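> coords below, sequence missing:
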């Protein structure tokens, strides 16, 4: 049973930084792809960042330079460092894990953590 549990959300002011954490349990940590998504009120869920087991990272162009995803393969953790935060970063942030199953991928989600950026 794969579980992803986010932590670190909260209220920050514009320009400040925040780091989210996600604890991953179950599944094969050595082959998974981990990521972060976010969903603002009234909007669709949006991809934020992805990192492979080997550490290859990808981001949407709109977030490059401000957000950094990282992982600790010993502690089975994935992190999202968010800098120079803006009010439009306000959303529920979800940890995502994709694990190969031999035919494709099984996908799992955390429960989400609220991030609010005040202006």
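Yep, that arrived. Predicted model, so just to flag it, every value in this text is computed and none were measured.
> which phi and psi does residue 87 have?
Main-chain dihedrals, residue 87, degrees, to the nearest 10: phi -60, psi -30.
> Check what pLDDT it gets.
On pLDDT, residue 87 comes in at 97.
> Kindly report the same for residue 29.
Per-residue confidence for residue 29 comes out at a pLDDT of 72.
> which non-adjacent residue is nearest it?
Spatial nearest neighbour of residue 29, excluding adjacent residues (CB to CB, 6 or more residues apart in numbering): residue 76 at 5.2 Å. Yep, even glycine has a C-beta here, placed from its N, CA and C like the rest.
> ok, what's across the strand from residue 91?
residue 115 (DSSP bridges).
> what residues are up against it?
38, 39, 40, 43, 46, 115 (CB atoms under 8 Å, 6 or more residues apart in numbering).
> Run through the strands of this structure in chain order.
With strands called from DSSP state E, the chain shows them at 3-7, 10-13, 18-25, 33-39, 46-52, 57-58, 67-72, 77-82, 91-100, 105-109, 113-118.
> so can I have TSV of the ones you listed showing mean pLDDT?
Output for those, formatted as TSV (pLDDT from 0 to 100):
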stretch	mean pLDDT
strand 3-7	96
strand 10-13	98
strand 18-25	97
strand 33-39	97
strand 46-52	97
strand 57-58	98
strand 67-72	97
strand 77-82	97
strand 91-100	96
strand 105-109	94
strand 113-118	98
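> and the gap between the residue nearest the centre of the chain and residue 102?
In the chain, the centroid-proximal residue (CA atoms, centre = their mean) is residue 36; its distance is 2.4 Å. For residue 36, the distance to residue 102 (CB to CB, to the nearest Å) stands at 26 Å.
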